[in-house]
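Engineer: below is the sequence, then the predicted model.
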Amino acid sequence: MTVEKKAQLREKLIGFQRSIADLKRELDRQAQDFSDRETRLLSGFFEVMDAFEALEANLEAKKESLDKPARMMKKNIQSISKKLYRTFTSNGIERIRFEEGKANMAQCKILDTRQAPDLPEETLLEIVKNGYINTGNGKVLRKAEVITVHNN
């Protein structure tokens with residue numbers, strides 16, 4: 001092989017390597033863009049779920065005074081909420097569960113604390129907003145907003 005031929009092959013190889021590196025960067029950028037869009041979309045759906053949960057809680061608190069159309073509306077809201085949650089679970093997204101009843105900083109955002117001398121520190125008193133986790137990779141998609149025990 002001649003020196004010129006080797007130089008041409010070397011230049012082609014370098015060109016291919018640059019193209020591969022450029023394609024890898026573009027693929028990484030597209031993957032990040034997709035992840036960002038997915039996060040924004042899920043965030044919107046979580047807000048919709050929050051709205052349904054708030055409606056359900058308000059209607060439940062007033063259930064004794066609801067007329068027939070309001071009771072039907074309550075059932076419809078519950079049905080839509082269940083369908084949305086089933087869509088989450090079928091795609092590997094679950095509500096964060098706190099089996100031990102304690103706040104976990106990786107999964108919680110503490111909004112407030114209250115004293116409760118009869119309970120241990122960091123015991124969950126209230127979940128203000130549910131958190132969600134991707135069960136496939138364990139990634140927290142949204143931290144739960146909670147109120148916990150803090151005794152001074």
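Structural biologist: Cool, the structure landed. Numbering: from 1, shown residues only.
Engineer: and the helices in the protein?
Structural biologist: Here the chain has its helices, by DSSP state H, at 3-61, 68-90.
Engineer: quick one: closest of those helices to Gln115.
Structural biologist: Gln115 lies closest, by C-beta to C-beta, to one member of the helices of the chain: helix 3-61, at 25.0 Å. Using the backbone N, CA and C atoms, a C-beta is placed for each residue, glycine as well.
Engineer: picking up where we left off before, any chance of the helices of the chain in CSV, with mean neighbour count too?
Structural biologist: What follows is these, written out as CSV (neighbours: other C-beta atoms under 10 Å):
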stretch, mean neighbour count
helix 3-61, 11
helix 68-90, 12
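Engineer: now render those helices as a markdown table, adding distance to Thr123.
Structural biologist: Rendered in a markdown table, the data for the helices of the chain read as follows (distance: least, C-beta to C-beta, whole Å):
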| stretch | distance to Thr123 |
| --- | --- |
| helix 3-61 | 22 |
| helix 68-90 | 26 |
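Engineer: of those helices, which is nearest Ile127?
Structural biologist: That would be helix 3-61 among the helices of the chain, by C-beta to C-beta, at 10.1 Å.
Engineer: packing partners of the closest one?
Structural biologist: helix 68-90, strand 140-142 (3 or more C-beta pairs under 8 Å, 6 or more residues apart in numbering; DSSP states H and E).
Engineer: would you mind giving these as CSV with mean pLDDT and distance to Lys62 added?
Structural biologist: Shown next, in CSV, are the helices and strands packed on helix 3-61 (pLDDT from 0 to 100; distance: least, C-beta to C-beta, whole Å):
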stretch, mean pLDDT, distance to Lys62
helix 68-90, 93, 8
strand 140-142, 95, 28
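Engineer: Pro120 versus Val146, what's the distance?
Structural biologist: With distances taken as C-beta to C-beta, to the nearest Å, Val146 is found 15 Å from Pro120.
Engineer: so the two - more neighbours on which side?
Structural biologist: Each of Val146 and Pro120 has its neighbours counted (other C-beta atoms under 10 Å); Val146 has more, 25 against 10.
Engineer: so who does the more buried one touch?
Structural biologist: Residues near Val146 by C-beta atoms under 8 Å, 6 or more residues apart in numbering: Ala103, Cys108, Lys109, Ile110, Leu111, Leu124, Leu125, Glu126, Ile127, Val128.
Engineer: how about 7 Å then?
Structural biologist: Going by C-beta atoms under 7 Å, 6 or more residues apart in numbering, Val146 touches Ala103, Cys108, Ile110, Leu111, Leu124, Glu126, Ile127, Val128.
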